[in-house]
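K.L.:
Have a look at this fold, sequence not included:
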């Protein structure tokens, strides 16, 4: 929702019309990555704070320093904050901005994947491990080799292979890697190096992980999203093209790649037949929420699918102080996801 309209909102009315309420209210949380481990839901969110940074299109005001992991016995029960799981001061290579993380499990070890800016100001993706899904996590001393940008999401396929999806434009720096190396020119312009509006949009990246899950088994590849005619979505198609917030899940044998459109504030999805794609645009999952960003995850619990997302209703529209929510997600008879309105009319 545009910043200039926030002061026009009646937040008491909005919260009454909201289809769900914040899972926790004692801290601000965002970018929820939800998973079911050992019959219980674990949510790996960002931990929003007000660090006094000025609002800008590079995301400087998103100055998160640590992670708190939430757990729930079911989507209908109270969410528990399990305390500090990882702090930026305990990540040797990272300087600041612990943005949206994700997690997975293999052979009893839990892996937390997270982006952060290194001391050179470039976003990389790191990994930390723990014997518990709630941590504390111990970070590896270096970022994942050949990693860049933000928003890692790790998907375990039915054959036991793990894949990481990642990337985000503007403050996420994906556009700076178009030539394969980081372009440091125009550091204050988030739209520098973007394609022209009539050129194909930038793609999210995908890479299979090594068996130890600590690095890429291959060079990252483009995840191509096509329109109804089989052509790549264009950069100017900003109500459908990828911006950030990758997520992958599988339903009835189909791969569902979902993502945020960023400046148009939608969560959309595309369908494919394998983890690499190409994917064909299929529709909207979530209409705009209060607050600039939209970031989500999708998981199944006891036969019901759920959408985890965030908005800024608790902070009365403060863009960088968000709250995680959850709502049921439904498919139609053709496997299409039914679009969700976050507030009733």
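P.N.:
Received, thanks. Nothing here was measured: the structure is a model prediction, and the numbers come from that model.
K.L.:
Leaving out sequence neighbours, find the closest residue to the spatially most central residue of the chain.
P.N.:
Centroid-nearest residue in the chain, with CA atoms, centre = their mean: residue 245, separated by 3.3 Å. Leaving aside its sequence neighbours, residue 245 sits nearest to residue 260 (CB to CB, 6 or more residues apart in numbering; 3.8 Å). Placement of C-beta: from N, CA and C, glycine included.
K.L.:
Provide the secondary structure category for the residue nearest to the centre of the chain.
P.N.:
Of the three states, residue 245 takes strand according to DSSP: H, G, I helix; E, B strand; the rest coil.
K.L.:
Check the contact between it and residue 285; I expect there is one.
P.N.:
No: applying CB atoms under 8 Å, one finds residue 245 not in contact with residue 285, separated by 11.0 Å.
K.L.:
shared neighbours, these two?
P.N.:
Here residue 245 and residue 285 share the contacting residues 258, 267, 296, scored by CB atoms under 8 Å, 6 or more residues apart in numbering.
K.L.:
Let's have these in JSON lines, adding pLDDT.
P.N.:
Formatted as JSON lines, the shared contacts of residue 245 and residue 285 follow (pLDDT from 0 to 100):
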{"residue": "258", "pLDDT": "98"}
{"residue": "267", "pLDDT": "98"}
{"residue": "296", "pLDDT": "98"}
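K.L.:
From those residues, which land in strands?
P.N.:
258, 267 (DSSP state E).
K.L.:
and which of the shared contacts of residue 245 and residue 285 is nearest to residue 161?
P.N.:
Proximity of the shared contacts of residue 245 and residue 285 to residue 161 was ranked by CB to CB; the top entry is residue 258 with 19.7 Å.
K.L.:
Kindly provide the distance from the closest one to residue 281.
P.N.:
When CB to CB, to the nearest Å is the yardstick, residue 258 and residue 281 sit 11 Å from each other.
K.L.:
Who has more neighbours out of those two?
P.N.:
In this view residue 258 and residue 281 are compared by other CB atoms under 10 Å, and residue 258 has more residues nearby, 25 against 18.
K.L.:
Beta-bridge partners for the more buried one, please?
P.N.:
Taking DSSP bridges, one finds residue 247, residue 269 as the beta-bridge partners of residue 258.
K.L.:
Then residue 207?
P.N.:
For residue 207, the beta-bridge assignment (DSSP bridges) gives partners residue 164.
K.L.:
residues contacting it?
P.N.:
By CB under 8 Å, 6+ apart, residue 207 lies in contact with 146, 163-164, 216-221.
K.L.:
Highest neighbour count among those residues?
P.N.:
Sorting the contacts of residue 207 by how many neighbours each has (other CB under 10 Å) puts residue 164 first, at 26 neighbours.
K.L.:
Compute the distance between that residue and residue 195, please.
P.N.:
24 Å.
K.L.:
on that earlier part again, anything in contact with each of residue 258 and residue 281?
P.N.:
When contacts are counted by CB under 8 Å, 6+ apart, the set common to residue 258 and residue 281 consists of 268, 270.
K.L.:
any idea which helix or strand of this structure has the worst average confidence?
P.N.:
Counting by mean pLDDT, DSSP states H and E, the chain has its least confident helix or strand at helix 11-17, which shows a mean of 93.
K.L.:
Quick check: buried residues in it?
P.N.:
The neighbour-count criterion (16 or more other CB atoms under 10 Å) identifies 11, 14-15 as the buried residues of helix 11-17.
K.L.:
low pLDDT regions in this protein?
P.N.:
Filtered on pLDDT under 70, the chain yields the residue ranges 1-7, 54, 187.
K.L.:
rerun that using 50 as the cut-off
P.N.:
Residues of the chain that meet the criterion pLDDT under 50 lie in 1-2, 4.
K.L.:
Residue 289 and residue 307 touch, don't they?
P.N.:
No: between residue 289 and residue 307 there is no contact, the gap being 11.4 Å when judged by CB under 8 Å.
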